[in-house]
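Trainee: Generate coordinates for the sequence data below:
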Amino acid sequence: MAKSQATFMKKQLEKNRAKKKEDKEQRKQERKQSSNGGKLEDMLAYVDENGELSSTPPENKQALRPSNR
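Mentor: Purely as a prediction, here's the structure:
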């Protein structure tokens, strides 16, 4: 007698699950290798006196502003 279709389907589903898991692990490794590290300096944004965002830090102008003391 031939094997049942249920047994065949179970094996096919298990193969599909294993392949998906392997593909997912491979994509994870590729992302890990291609990442630039996510340094804090790269993620910072600065706001200038006009409220515009920039990637460069503002100049130190504390000496120009009068103190409230």
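
Trainee: tell me the contacts of residue 48?
Mentor: Counting by CB atoms under 8 Å, 6 or more residues apart in numbering, residue 48 touches 54, 58. C-beta: built from backbone N, CA, C; applies to glycine.

Trainee: Run through the residues that contact residue 53.
Mentor: Shown in contact with residue 53 (CB under 8 Å, 6+ apart): 45-47.

Trainee: export these to TSV and tack on neighbour count and pLDDT?
Mentor: Putting the contacts of residue 53 into TSV (neighbours: other CB atoms under 10 Å; pLDDT from 0 to 100) gives the following:
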residue	neighbour count	pLDDT
45	7	88
46	11	88
47	10	88
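
Trainee: In terms of distance to residue 38, which of those ranks first?
Mentor: residue 45 (14.4 Å; CB to CB).

Trainee: what's the nearest residue to that closest one if we skip its chain neighbours?
Mentor: Of all residues not flanking residue 45 in the chain, residue 53 sits nearest, at 4.9 Å (CB to CB, 6 or more residues apart in numbering).

Trainee: Please state the mean pLDDT value computed over the one helix or strand residue 12 maps to.
Mentor: Assigning secondary structure by DSSP states H and E places residue 12 in helix 5-34. Predicted confidence along helix 5-34 averages 94 (mean pLDDT).
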